[in-house]
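S.K.: structure for this input, please:
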Amino acid sequence: MDELIKYMISKIGYTLIAIIGGVLPGNLLIFVWNRELYMELDLLKLIILSFAIPGILYVCNIFVCLPIMSLYNEFKHDTEIFSVEFIFIIPAILTWIEIGYLVMSKILLPEYTIRDFVAKWGIIGIYFVISVGILDAFLLPIIKKRIKIHKKN
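M.R.: Numbers count the residues shown, from 1 in each chain. This next block holds a predicted model:
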């Protein structure tokens, strides 16, 4: 345990990013939506759950953002607009916005439930993820081939 703390202190930037990007939004969401669960969980389970909630959203956001950024970079011939850092930062910002929306909805409307959120945004989100998946799997390779052919001419 002492070695883990020493390592985390030596990598303080990464530790702060993990806490601010992973634990804090999930922790806040659990606290606002279910205070009884928040108080009952021990620290390890709370940290795991706090990482898991934004982690799921973050992975979904990466799958949505990656093809869009790749396609945008293909159209910008001279410079690469979205670098590796942006591939991780933009989905993190989207995750914060999504969790912030859920937290603010519950604070402003105490009767608001996850079912309301899924009914309102879930179908749109699923449609968008499927559309981006189709774009990434089928249309993006065709567009890239046409761009390469166009560059050669």
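
S.K.: what are the buried residues along the one helix or strand I56 maps to?
M.R.: Assigning secondary structure by DSSP states H and E places I56 in helix 43-75. Under the neighbour-count criterion of 16 or more other CB atoms under 10 Å, helix 43-75 has 46-47, 49-51, 53-54, 57-58, 60-62, 64-67, 69-71 buried. Where you see a C-beta, it was placed from the backbone N, CA and C, and this is true even at glycine.

S.K.: what's in contact with the strand or helix carrying Y127?
M.R.: Assigned by DSSP H and E, Y127 belongs to helix 123-134. With contact meaning CB atoms under 8 Å, 6 or more residues apart in numbering, helix 123-134 is reached by 60, 63-64, 67-68.

S.K.: average pLDDT across that helix?
M.R.: For helix 123-134, mean pLDDT is 76.

S.K.: do stretch 18-28 as well
M.R.: On average, stretch 18-28 scores 81.

S.K.: gap between it and the chain center?
M.R.: With CA atoms, centre = their mean, to the nearest Å as the basis, stretch 18-28 stands 12 Å off its chain's centre.

S.K.: who touches it?
M.R.: Under the contact criterion CB under 8 Å, 6+ apart, stretch 18-28 has outside partners 46-47, 49-55, 92, 95-96, 99-100, 103.

S.K.: cutoff 10 Å now
M.R.: The contact list for stretch 18-28, computed with CB atoms under 10 Å, 6 or more residues apart in numbering, reads 8, 11, 38, 46-58, 88-89, 92-93, 95-96, 98-100, 102-103.
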